[in-house]
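Participant: Provided below for reference: sequence and predicted model.
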Amino acid sequence: MSQRFHLHLLSDSTGETLENIAKAALAQFDGAEDVVKHFWPMVRSESHLERILTDVAANPGLVLFTLVNRDTRRKLETRCRALGLPAVAALDAVSDAMSNMLGQEAKARPGRQHVMDAAYFARVEAIQFTIAHDDGINAQNWEEADIVLAGVSRTSKTPTSIYLANRGYKTANIPIVPESPPPPNLFVLKHPMVIGLVTSVERLVQVRRNRLLSLNQSPDTDYVDEEKVRAEVAHARRMFADNSWPVLDVTRRSIEESAAAIINLFNERELAQVVDS
């Protein structure tokens, strides 16, 4: 019988090892499809941990972590105890924790380790797809994507797409330019999840100015004019709202944090679709 629960994964690095361990353990249980994963990589400060703990409190469940810093780990374990939640170091009997949560014994099924091999090839395919669909290229194939990122220039669409591809998600991205509307098929996609990326005008102007200077180009253009940029961002936000696309503010997020938030949005939609069906 399918059982739904929240699974929080915290790592002070990219978290790939942690997620693979969780996937390998979940594969040993029947009825583990309705798992809401909250992925938190690059947890290296107490302020970052505080933001994560807010989400943990709002969505109680199992917490798996790989945190080297003793103070950060101690704070996580203390708060989890206060919330009455299990917090398990990923290398310490992960299978036992899954058994308690799912209410069944792990099944030692031969060949289950090859699931990770399939994941490797899926990741390679995702990377190839993402590179071929960067910056609005090959729009006719967007329906094959898992995720489509939309945003004005310099909102980290490409690096975020590549990071997601390395996690196995086929990702396309499209720049939103007021003078050049996106292809019509962007607005009728059924399979991919379209997500709008936004950032503060001040941050965007700074990033664009630095980009122009690095290319030895004049920064005195509409590309970095604050009022022009403000109008550009407003145009993108209206488009996102008109199409009911989820919006992610990347102003204060690293690429890893943005990707983690996008993966959470994607997993939530996938779970909702399973429940609806």
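Facilitator: That came through fine.
Participant: Could you report the separation of residue 218 from residue 202?
Facilitator: 20 Å (C-beta to C-beta, to the nearest Å). For every residue, glycine as well, the C-beta is placed using N, CA and C.
Participant: Comparing the two, which residue is more hemmed in?
Facilitator: Each of residue 218 and residue 202 has its neighbours counted (other C-beta atoms under 10 Å); residue 202 has more, 12 against 9.
Participant: Tell me who's in contact with the nearest residue to the more buried one once chain neighbours are set aside.
Facilitator: Take residue 202 and drop its neighbours on the chain: the residue closest to it by C-beta to C-beta, 6 or more residues apart in numbering is residue 226, 7.9 Å away. The contact partners of residue 226, taken as C-beta atoms under 8 Å, 6 or more residues apart in numbering, are 201-202, 205.
Participant: for stretch 241-249, which positions count as buried?
Facilitator: The neighbour-count check on stretch 241-249 (16 or more other C-beta atoms under 10 Å) flags 245, 248 as buried.
Participant: same question for stretch 214-231, mean pLDDT?
Facilitator: For stretch 214-231, mean pLDDT is 93.
Participant: ok, now stretch 149-165?
Facilitator: Regarding stretch 149-165, the rounded mean pLDDT is 96.
Participant: Format the CA atom coordinates belonging to it as PDB.
Facilitator: Written as PDB, here are the backbone C-alpha positions of stretch 149-165 (Å, rounded to 0.1, in the frame of the first residue of the first chain):
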ATOM      1  CA  LEU A 149      13.200  27.700 -17.300                       C
ATOM      2  CA  ALA A 150      12.200  31.100 -18.500                       C
ATOM      3  CA  GLY A 151      13.600  34.500 -17.400                       C
ATOM      4  CA  VAL A 152      15.200  37.700 -18.600                       C
ATOM      5  CA  SER A 153      18.900  37.700 -19.500                       C
ATOM      6  CA  ARG A 154      21.400  36.900 -16.700                       C
ATOM      7  CA  THR A 155      19.000  35.200 -14.300                       C
ATOM      8  CA  SER A 156      21.300  32.100 -14.200                       C
ATOM      9  CA  LYS A 157      19.100  30.000 -16.600                       C
ATOM     10  CA  THR A 158      22.000  28.200 -18.300                       C
ATOM     11  CA  PRO A 159      24.100  27.200 -15.200                       C
ATOM     12  CA  THR A 160      20.900  26.200 -13.400                       C
ATOM     13  CA  SER A 161      19.800  24.100 -16.400                       C
ATOM     14  CA  ILE A 162      23.200  22.300 -16.500                       C
ATOM     15  CA  TYR A 163      23.100  21.600 -12.800                       C
ATOM     16  CA  LEU A 164      19.600  20.200 -13.100                       C
ATOM     17  CA  ALA A 165      20.800  18.100 -16.100                       C
END
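Participant: related to what we said a few turns ago, tell me the one of the contacts of residue 226 nearest residue 46?
Facilitator: For the contacts of residue 226, the minimum distance to residue 46 (C-beta to C-beta) is 26.4 Å, reached by residue 202.
Participant: any idea which helix or strand carries the closest one?
Facilitator: helix 201-214 (DSSP states H and E).
Participant: Tell me the helices and strands packed up against that helix.
Facilitator: When contacts are defined as 3 or more C-beta pairs under 8 Å, 6 or more residues apart in numbering; DSSP states H and E, helix 201-214 packs onto helix 226-242.
Participant: now the helix it packs on: how far from the chain's centre is it?
Facilitator: Put simply, helix 226-242 sits 23 Å off its chain's centre (C-alpha atoms, centre = their mean, to the nearest Å).
Participant: Paired strands for the next helix-or-strand element following that helix, with orientation please.
Facilitator: Per DSSP H and E, helix 226-242 leads on to strand 247-249 as the next helix or strand towards the C-terminus. Here strand 247-249 is paired, per DSSP bridges, with strand 193-198 (parallel).
Participant: Check what contacts the strand it pairs with and list those residues.
Facilitator: Here strand 193-198 makes contact (C-beta under 8 Å, 6+ apart) with 146-152, 155-157, 160, 176, 186, 233, 236-237, 239-240, 243, 245-251, 258, 262, 265-266, 269.
Participant: Type out the ChimeraX command that picks the buried ones from those residues.
Facilitator: Per 16+ other C-beta under 10 Å, the buried members of those correspond to this ChimeraX selection:
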select :146,147,148,149,150,151,152,155,156,157,160,176,186,233,236,239,240,245,248,250,258,262,265,266
